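1. need coordinates for the below:
(one chain, ligands or ions: 1)
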Amino acid sequence: MKIIDGKALAQKIKNDVKKHIFENYIAKVKKAPCLVCIIVGEDKASKVYVNSKRRACEECGIGSQIYQLPEDTSKNYLIDFLQKLNNDDNVSGILVQLPLPKELDKYRNEIINTISPEKDVDCLTYQNLGKMYSGEHLIAPCTSTGIIKIIENENYNLDGKDVVVVGRSLLVGKSVATLLQGKNATVTACHSHTQNLKDKCQKADVLVVAVGKSKMITKDYIKNGAFVVDVGINRTEDGLVGDVDFDNVKDSCSYITPVPGGVGPLTVACLMENTVLLHENRLKLQKNCETEMDIDN
Ligand code: GUN
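-> Below you'll find the model as predicted:
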């Protein structure tokens, strides 16, 4: 059994981003990409996550701006705010940290889809999700990208494997299921209404769990030798724990991601990559547009 070191893999990705930023921006005295994170309200976990995103930007040489908006921010204010960021040429990526406060969450889709797809680093706008479902994507949601990187970093071949994903959120479950299908895995997408969940999980060569229920997956859910990816981060009296009962399950699997130190660090590292990818894609689009204007003239 191997315990995956998500921190080490994330560090390797961030080091590559840092090197890229140094060589292509700092050394050439060019303005580096810039990520904007918005938190609305006082969710403690969100503040911790956004702080780690800010630190990662600093580490990689990416600019960052954090906006902390009050809990009672109106939908119109937030939409107006996002439109200004869309129009700001210095902004490469925009991220609205989820969850939103209850009042605003009713308008979550409208809010997220105000972000220009060219700056949507989370890959949550309809346009970017559509591209992902069509297999034409430049980026994918950060956590789902991180999960694929974790599996591929072990040289584990997903082709033809039976994968069970538990959880159907847009941020993780739905998108990771799509990416896994893109790797030719056979994916079973399970959720809170799934019948005989245990039986289905027992057939999984790879089990990805993203439901937010502490230690719900015990060894009776695990096929011997499975690759287990735990996406849950649950704050309990025992500290941070995953959706998988790690101590109970670990001897039954061939690979397992711990919590903390598994998938979490990859989310942040992939966000750095997405920011650079979107920045450079926008520069390319602007350049193409200028060339077309030259031709027209
Ligand atoms: N909340 C938890 N994870 C994420 C994430 O990856 N992106 C955003 N925007 N909110 C989150």
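
2. in space, what's closest to the one residue in the chain that gets nearest to the ligand - neighbours in sequence excluded?
-> Nearest residue of the chain to the ligand: residue 98, at 3.7 Å (CB to the nearest ligand atom). C-beta coordinates here come from the backbone N, C-alpha and C atoms, glycine included. Of all residues not flanking residue 98 in the chain, residue 171 sits nearest, at 6.9 Å (CB to CB, 6 or more residues apart in numbering).

3. if we can go back for a sec, the residue of the chain closest to the ligand touches residue 172, doesn't it?
-> No: using CB atoms under 8 Å, residue 98 is not in contact with residue 172; the gap is 11.2 Å.

4. higher neighbour count, the two?
-> With neighbours defined as other CB atoms under 10 Å, residue 98 and residue 172 compare such that residue 172 has more, 26 against 19.

5. who's in contact with the more buried one?
-> Contact analysis of residue 172 by CB atoms under 8 Å, 6 or more residues apart in numbering lists 141, 143, 144, 147, 210, 231.

6. hang on, the third one in a helix?
-> Yes: the assignment for residue 144 is a helix, going by DSSP: H, G, I helix; E, B strand; the rest coil.

7. give me the pLDDT for it.
-> With respect to pLDDT, residue 144 scores 98.

8. isn't it right up against residue 179?
-> Yes: if you go by CB under 8 Å, residue 144 and residue 179 touch, sitting 5.4 Å apart.

9. and these two? which has more neighbours close in?
-> For residue 144 versus residue 179, neighbours defined as other CB under 10 Å are more numerous around residue 144 (30 against 20).

10. check contacts around that one.
-> 171, 172, 175, 176, 178, 179.

11. just these that are near the ligand?
-> By CB under 6 Å from any ligand atom, the members of the contacts of residue 144 lying near the ligand are residue 171.

12. tabulate the contacts of residue 144 (CSV), appending pLDDT and secondary structure.
-> Listed next are the contacts of residue 144 as CSV, based on pLDDT from 0 to 100; DSSP: H, G, I helix; E, B strand; the rest coil:
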residue, pLDDT, secondary structure
171, 94, coil
172, 97, coil
175, 97, helix
176, 98, helix
178, 98, helix
179, 98, helix
